[in-house]
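**Student:** Can you look at this prediction? I've put the sequence above it.
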Amino acid sequence: MKQYLLITAVTALVTFGLSWAVWRIAIRYKLHPPIRDRDVHTRPTPRLGGIAMFLGVLAAFAISSQNPFFSIFWADPMPVLSILGATLLIVLVGIADDLWDLDWMIKLGAQFLAAGIIAWFGEMQIYALPIGGLTIGSSAMSFVLTVFAIVVVMNAVNFIDGLDGLVAGVCLISNGIFFVYSYVLTRDIGSSTYFNLASFIAVVLVGACAGFLPFNWNRAKMFMGDSGALMLGLLMATSAIAITGQLNPATLDPEQFGRSQLLGAFIPILLPIAVVTLPLLDFGSAVLRRMRAGKSPFSPDRKHLHHRMLDMGHSDRAAVLIFYAWTAVIGIAVLLMYIATREDWFGQYWIGVAFGVVGISACLVVTLLPARRRIPASAPAGVPPAAAPAADGPSPQETP
């Protein structure tokens, strides 16, 4: 555990220092695109935070290659090198889009290529899929399913990048929960060591998000851009597949995983989905909404979940904090359900269910209660609250 904490701290410090450097360079040389019609922010702001986050991730992997505790996933370097190569590709394409607005077809093609590199050269694929029992497809089906899953998660994370600190905070919480899950799961499946690639990626992303968040908190000095959001989605999907993609629920011992055979067997597969529930919901609703209107699934609009939160009267910061709460409640609830079935706690998985019910109820109350927005002193007389800027200013962020 100490080694993981050390990696998190180093990644956070490196990312923070490089974020300051990238921000200063971007401001000095005006490396920021003009404000577009779909943007929410009102002043030109650099969107190159993904560069600092990527370099922070690289630094963490470089340190791990010299640390004997992490030698287990460096014994065969091909999977790690494949992940880093795919991440570099997606970051470079993201930077180009952040600066010049690439066509969505180019970005989507790069996403499929990056996912294909991980699935093919990294040999990390989803081999088992629980559908009415268990369906094990061919190698070609596993490859296609893996690539599709990675691309969906990448876009889901990118789609919620619409408010200051939203993606960085949500991913920090999600990866923190996923690390605990992967750490415990590694113990439960009888592994000889707690050090594995999935847990390592999770703590690295926690560090990268923590180091960047001070620059992205309202009002943001810099955005992570597509380069940062797509990188987070890519690595989150990869870490989930690395540890759960090869789990076969049919081979898990029901007695070992608690009295509830169904729950005990499938929670290890459901939890990685639970921690990205909000991004997936936003992504799915956006795709359906745009296709129903006869538009491209990737055509930008201002109808994401966070936009609706603002329309309900929440301030930018309040909306972000509510998203944090939803992410934490859903992820922790499923995590508690898993741990309870393993430790044979009193009530077993109902502990997680009870936490989820109480937490979700509280989140619903906070979300649905209309927020009272203050009218700034500078607001013109007669301007209704809905038309006046929020107390903490307009969100300097953009939404895909």
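**Tutor:** Done, it's in.

**Student:** Name the spans of the stretch 1-150 of the chain whose pLDDT lies under the cut-off.
**Tutor:** Per-residue confidence for the stretch 1-150 of the chain (pLDDT under 70) gives these ranges: 33-43, 128-137.

**Student:** whoops, I mixed them up, the stretch 301-400 of the chain
**Tutor:** Low-confidence segments of the stretch 301-400 of the chain (pLDDT under 70): 341-349, 370-400.

**Student:** Please determine how far Asp311 is located from Val366.
**Tutor:** 16 Å (C-beta to C-beta, to the nearest Å). Yep, even glycine has a C-beta here, placed from its N, CA and C like the rest.

**Student:** Look at the two and report which has more neighbours.
**Tutor:** Taking other C-beta atoms under 10 Å, Asp311 and Val366 do not tie; Val366 has more neighbours (15 against 11).

**Student:** In contact with that one, which residues?
**Tutor:** 322, 325 (C-beta atoms under 8 Å, 6 or more residues apart in numbering).

**Student:** Am I right that it sits in a helix?
**Tutor:** Yes. Under DSSP: H, G, I helix; E, B strand; the rest coil, Val366 falls within a helix.

**Student:** measure it to Met309 for me?
**Tutor:** Taken as C-beta to C-beta, the span from Val366 to Met309 is 11 Å.

**Student:** quick one: common contacting residues for these two?
**Tutor:** Contact criterion C-beta under 8 Å, 6+ apart; residues shared by Val366 and Met309: Ile322.

**Student:** can you map out the helices along this structure?
**Tutor:** 2-28, 49-65, 78-100, 104-120, 139-159, 166-188, 197-216, 225-244, 261-274, 277-292, 305-311, 316-343, 350-368 (DSSP state H).

**Student:** Only alpha carbons, please: show stretch 223-243 as CSV.
**Tutor:** The C-alpha coordinates for stretch 223-243 follow below in CSV (Å, rounded to 0.1, in the frame of the first residue of the first chain):
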residue,chain,number,x,y,z
PHE,A,223,-8.9,22.9,-19.0
MET,A,224,-7.7,19.4,-19.6
GLY,A,225,-9.2,19.4,-23.0
ASP,A,226,-9.9,16.4,-25.2
SER,A,227,-6.3,15.3,-24.7
GLY,A,228,-6.9,14.9,-20.9
ALA,A,229,-10.5,13.6,-20.9
LEU,A,230,-9.9,11.0,-23.6
MET,A,231,-6.7,9.9,-21.9
LEU,A,232,-8.6,9.4,-18.6
GLY,A,233,-11.3,7.4,-20.3
LEU,A,234,-8.8,5.3,-22.2
LEU,A,235,-6.8,4.4,-19.1
MET,A,236,-9.9,3.8,-16.9
ALA,A,237,-11.3,1.4,-19.4
THR,A,238,-7.9,-0.3,-19.8
SER,A,239,-7.5,-0.8,-16.0
ALA,A,240,-11.0,-2.3,-15.7
ILE,A,241,-10.4,-4.7,-18.5
ALA,A,242,-6.9,-5.6,-17.2
ILE,A,243,-8.4,-7.0,-13.9
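
**Student:** Any buried residues in that stretch, and which?
**Tutor:** Neighbour counts using 16 or more other C-beta atoms under 10 Å place 223-243 of stretch 223-243 among the buried residues.

**Student:** got it, and stretch 12-27?
**Tutor:** Buried residues in stretch 12-27, counted by 16+ other C-beta under 10 Å: 12, 14-16, 18-20, 22-23, 26.

**Student:** Out of those, flag the one nearest to Val157.
**Tutor:** Using C-beta to C-beta, Thr15 comes nearest to Val157 of the buried residues of stretch 12-27, at 17.1 Å.

**Student:** Pull up the gap between that closest one and Ala208, please.
**Tutor:** As for Thr15, its distance to Ala208 is 5 Å (criterion: C-beta to C-beta).

**Student:** Give me the contacts around stretch 320-334.
**Tutor:** Residues outside stretch 320-334 that contact it (C-beta under 8 Å, 6+ apart): 160, 163-166, 169-170, 173-174, 177-178, 218, 267, 270-271, 274-275, 277-278, 305-306, 309, 314, 352-353, 355-356, 359-360, 362-363, 366-367.

**Student:** Just the buried ones out of these, please.
**Tutor:** Of the contacts of stretch 320-334, these count as buried by 16+ other C-beta under 10 Å: 160, 163-166, 169-170, 173-174, 177-178, 218, 267, 271, 274-275, 277-278, 305-306, 309, 314, 352-353, 355-356, 359, 363, 367.

**Student:** The helices of the chain: which one's closest to Tyr127?
**Tutor:** So among those, helix 139-159 is nearest, using C-beta to C-beta, at 5.2 Å.
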